[in-house]
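[1] Structure, please.
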Amino acid sequence: LGDTGFEKPSLILVTVDHGRGIKYALPRYGLSFSQTDDAIRSEDFKGYAVTPNQLLSGTLPGFKTFLLLSNSMGEQIVIVPCGEVLQSGEIKKQDRWNENIAI
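    From the prediction side, this is the model:
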């Protein structure tokens, strides 16, 4: 999750639950994920996992701040933090916790 650019690695809370895998929490967005194998699965969007290839093909060119989830049927969800879109393609995020996201 820290590799995606969606959230600063220092703001991702990681816990290890022996026998249950790894849990990731993104408190600023109210999102949680779990990892028991190679997939990082969303706890908020059941059946969806973080897509390994974080590319938006033909959509939102140059856009950099998003998190792409997909399910076993190939359906995708794009999570975008609310904030000002900068010319660089990134989003100027507010430093408040529990900030809204757009799906």
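
[2] which residues in this protein form strands?
    Secondary structure of the chain (DSSP state E): strands at 13-17, 21-26, 31-35, 40-42, 49-50, 67-70, 76-81, 84-85, 91-92, 101-102.

[3] So for this protein, the centremost residue is which one?
    Centroid-nearest residue in the chain: residue 67, 3.9 Å away (criterion: Cα atoms, centre = their mean).

[4] got the contact list for it?
    For residue 67, the contact set (Cβ atoms under 8 Å, 6 or more residues apart in numbering) comprises 1, 4, 6, 50, 54, 78-79. Quick note: C-beta positions are derived from backbone N, CA and C, even for glycine.

[5] Dump those into TSV; add neighbour count and pLDDT as well.
    Output for those, formatted as TSV (neighbours: other Cβ atoms under 10 Å; pLDDT from 0 to 100):
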residue	neighbour count	pLDDT
1	18	71
4	14	71
6	24	84
50	21	94
54	14	84
78	15	90
79	21	89
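
[6] now the strands of the chain as TSV including distance to residue 58?
    TSV is the format used below for these (distance: least, Cβ to Cβ, whole Å):
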stretch	distance to residue 58
strand 13-17	33
strand 21-26	27
strand 31-35	26
strand 40-42	24
strand 49-50	21
strand 67-70	13
strand 76-81	13
strand 84-85	18
strand 91-92	20
strand 101-102	19
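
[7] Out of those strands, which is closest to residue 59?
    Closest of those to residue 59 is strand 76-81, at 7.9 Å (criterion: Cβ to Cβ).
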